[in-house]
Structure formats: C-alpha cells, structure tokens
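> Provided below for reference: sequence and predicted model.
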Amino acid sequence: MLFAVLAFAQAQGTSFPVRGLHLSAPAPEDVPLLASFIRDALPKEGTNVLVLEINFRYQFASHPELRDAQALSREQVKELVRACRDANVELIPQFNCLGHQSWKARTSPLLVKYPEFDETPGLYPNNDGIYCRSYCPRHPKVHEVLFSLFDELIDVFEAKAFHTGMDEVFLLGEDTCPRCRGIGKAELFAGEVNTLQKYLAGKNIEMWIWGDRLIDGEAAGVGKWEGSGNQTATAINLISRDVVICDWHYENAPPTAPFFAVNGFNVISCPWRDVQVSLGLLDWLKLAQSPTNKALAPRFRGVLQTTWCGPNAFIRAYYGQLTEAEMTAQNLASARESANSFKVLSAAMRPAVVQTGRGGD
C-alpha cells in the first residue's frame, strides 16, 4: 500500500518549495570555490536554498572581540550573496544559539569573552566530561550581544530567514545556575526559542531551528541525540508555530515530519550520509502529501541536505576529486557519502521541481 501511494504521489508531481543544502562557513581562501559551486552545481541539482552555518566566522563590527580567526569579511560574504542571487538560491545564515557554545576543548568566543554568560561557569575545565557548553538563556545581557550579531548577519546576508540552531542542548536549567535553578527545562528551552523568534519576527525574518529537542527520544525510539532525553520535548506545546522545524535524522527515518506537521509546524526533513535514510525521509514527505490533506500538505516544506565535513571537502567530493588516501587519512568518507546523498535526493526530487516557493520565485 505504501509503495502504491508513493507511486501515486510521484505521478501527481508532488513538489516541495525547499530543496536545500546546509554547509559550514568556508575558510576565507575557499570563498571563490564555494561561489563557483553555487553558480555551477546548485542550479543543476534543483537546489534553491543554501543554509550557511556562520556562527562566529564573520568580521563583526559591533563585537569585533567575537570574531573567529577564520572570519569572513563583508565583501567575502557579499561574493556568496551575489553567487546565490545569480543561481536563484536563497542564502540563509545560521548562528548556533543556546547549545553548541564549545566543541571538544575549544570554547566559542561568546563564552571566552563573556564567561558570565556560561550556564555552568567555572565548571568542566577544558570542557572535560561534557558534549558542548550552553549559554544561560536568562542572563540579562546575553540577548543584547546576540541580537547585535543577528542584525549584522541579517544585513550582510540580505536574509529573509535565519537559522538559530538550538540542537543537542544538554546543559540547561543546571542547579549551579542561579537564574535557571529549579525551572523546568522545557520552559527554559521554549522561553529561549520564543525570545529569539519574537525578535526576528519583528524584523520580518522567519526563524528556523533543528527539531531534536522537541522530540521525546525514548518514545520515538531515536535516542538522546536525534530526540531529547532531558525533559525538553514538551516545549513543543509552548513555542510559536511560526518557527520552522528542521527535522534531522541520520540513523533511520522515523515519521517525525508528520508529527511536527500535525502539531502545527512547517517542517523540513534533514538527512546526512545514509542514502536509504535520506530517501526514507523523502518518502514520508511524499506520503504525507498524497492523497493531499489541504491543511497538512503545505506544512511539509521539503528537504535540507546536511554535510558536516567542511565545504571544501564536500565540493571536491561532489566533483569526484577526493582520493581514497584523503578520505582515510582525514576521515572524509562522510564527505563522499553526503555528496552522494545530495545527488540522489536531488535526482529523486527533480521531476517535481517547480519554480515557486522559497528561493524559487
């Protein structure tokens, strides 16, 4: 029955307005490579959205102390903006909020320069024993800094949408935080989502987030990474329905996109390196649209292919330029796999490509 419905959906030309790619920010010297890839490859693949995870890799004028060592200049970002405009691709900046304020032993500039923003100040030296640090969402000064950075990125990217991350938040509502102690984690998470969304909505900017913290990891059978294991899942009942959910799954393809849609959210499915998972997520989108439910169907916005290998490696993998020795020595096998997933998904969606919707009008 499932296959018959999917065949019907394909025959009816099921289409999705988002056919996207997620990349991390390039090194400054790789900006021309990425600009060329945008112009050459993305139109061929039918891609109309590029989410660029910038974080602190921009030369912020309002807070120069927060610039990463590999920060892009305004002109380098504008080169990418022009390339996207030429390719009819919507360029969306991403800035990780709440969690992901460190990676391994390296702490992000926000908590290095403003240690008072840390949810767990003074704890976990060298970040030992934790996944990633979080900022305290209730610190009275944190949003003043964040919103200055948002404003600059919205301006330079000429953004109509903004991705705030919000995934894999494990440090939240800690007993050592005087502001968050005793407050429910779902309430804290929802409060931060709504604070960011309200600010962006005031600028007519659509907000995107990763959806894992809104899924009960145990009930959905997806665990504590692709879902929540720390009591944030009920935040789904507290956040604005104007937030777009980027629903990532890498190990299997659970029916969480329909779950978000039924709960009133626009949802985008986000695979990575496993082609069968990627196609499985696409199948759920097609199934949900056929037979068409006029209330739910528009909420299934499409697909955002993730990469997690750096744009240089992904682009070279896409063009078949990565050697076996490189993939072994530098652990870049995922670059080839995500590039393959990107091509397969693009081909699967290409018969349904239409020139409408986000980035395609």
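On my side now, so go ahead.
> lowest average confidence, helix or strand, in the chain?
Ranked by mean pLDDT, DSSP states H and E, the weakest helix or strand in the chain is helix 2-11, scoring a mean of 36.
> ok, the helix or strand that it is followed by: who's next to it in the sheet?
Following helix 2-11 in sequence order, the next helix or strand is strand 18-24 (DSSP states H and E). On the basis of DSSP bridges, the sheet neighbours of strand 18-24 come out as strand 49-53 (parallel), strand 300-305 (parallel).
> packing partners for the helix or strand harbouring residue 91?
In this structure, residue 91 sits in strand 90-97 according to DSSP H and E. Using 3 or more CB pairs under 8 Å, 6 or more residues apart in numbering; DSSP states H and E, the elements in contact with strand 90-97 are strand 49-53, helix 74-87, helix 142-157, strand 161-165. For the C-beta atoms, the positions are set from N, CA and C on the backbone; glycine is no exception.
> one more time with 10 Å
With contacts taken as 3 or more CB pairs under 10 Å, 6 or more residues apart in numbering; DSSP states H and E, strand 90-97 sits against strand 18-24, strand 49-53, helix 74-87, helix 142-157, strand 161-165, helix 185-201, strand 206-210.
> so what secondary structure elements neighbour the helix or strand residue 328 falls within?
Using DSSP H and E, residue 328 sits in helix 324-329. Helices and strands touching helix 324-329, by 3+ CB pairs under 10 Å, 6+ apart, are helix 311-318, helix 333-349.
> and of those helices, who's closest to residue 130?
Ranking the helices and strands packed on helix 324-329 by distance to residue 130, with CB to CB as the measure, places helix 333-349 first at 23.6 Å.
> give the rounded mean pLDDT of the closest one.
In this model, helix 333-349 carries a mean pLDDT of 96.
> packing partners for that helix?
In this structure, helix 333-349 packs against strand 18-24, helix 42-45, helix 275-289, strand 300-305, helix 311-318, helix 324-329, with contacts taken as 3+ CB pairs under 10 Å, 6+ apart.
> let's go with 6 Å and repeat that
When contacts are defined as 3 or more CB pairs under 6 Å, 6 or more residues apart in numbering; DSSP states H and E, helix 333-349 sits against helix 275-289, helix 311-318.
> winner for burial among the helices and strands packed on helix 324-329?
helix 311-318 (a mean of 22; mean count of other CB atoms under 10 Å).
> hmm, who's touching it?
The contact list for helix 311-318 (CB atoms under 6 Å, 6 or more residues apart in numbering) reads 23, 26, 30, 34, 37, 307, 322, 332, 335, 336, 339.
> can you check stretch 55-67 too?
Contact with stretch 55-67 is made by 25, 68, 70-73, 95-96, 109, 113, 148-149, 152, as judged by CB under 6 Å, 6+ apart.
> go again with 7 Å.
With contacts defined as CB atoms under 7 Å, 6 or more residues apart in numbering, stretch 55-67 is touched by 25, 68, 70-74, 77, 95-96, 108-110, 113, 145, 148-149, 152-153.
> returning to that earlier point: could you list the paired strands of the very next helix or strand once past the strand holding residue 91 along with their orientation?
Note on strand 90-97: by DSSP H and E, the next helix or strand toward the C-terminus is strand 102-103. Here strand 102-103 has these sheet partners by DSSP bridges: strand 106-107 (antiparallel).
> roughly how far does residue 96 sit from residue 232?
Distance, residue 96 to residue 232, using CB to CB, to the nearest Å: 16 Å.
> one step back: what's the closest of the strands paired with strand 18-24 to residue 214?
Nearest to residue 214 among the strands paired with strand 18-24 is strand 300-305; the distance by CB to CB comes to 16.1 Å.
> pretty sure residue 38 sits in a strand.
No: under DSSP: H, G, I helix; E, B strand; the rest coil, residue 38 falls outside any strand and is assigned helix.
> find the nearest non-adjacent residue to it, please.
Nearest non-adjacent residue to residue 38, counting by CB to CB, 6 or more residues apart in numbering: residue 83, 4.2 Å away.
> surely that neighbour touches residue 39?
Yes: using CB atoms under 7 Å, residue 83 is in contact with residue 39, at 5.3 Å.
> tell me which of those two has more neighbours.
Ranked by neighbour count (other CB atoms under 10 Å), residue 83 and residue 39 place residue 83 first, with 22 against 15.
> contacting residues for that one?
35, 38, 39.
> now the terminal residues of stretch 202-212, how far apart.
26 Å (CA to CA, to the nearest Å).
> same question for stretch 104-120.
16 Å.
> ok, and what's touching it?
Applying CB under 7 Å, 6+ apart, the external contacts of stretch 104-120 come out as 56, 65-66, 68, 101-102, 121, 126-127, 133-136, 139, 142, 145, 171-172, 174, 176-177, 180.
> which parts of it are buried?
107, 108, 109, 110, 111, 114, 117, 118, 119, 120 (16 or more other CB atoms under 10 Å).
> and stretch 259-270, by the same measure?
The neighbour-count check on stretch 259-270 (16+ other CB under 10 Å) flags 259, 260, 261, 265, 266, 267, 268, 269, 270 as buried.
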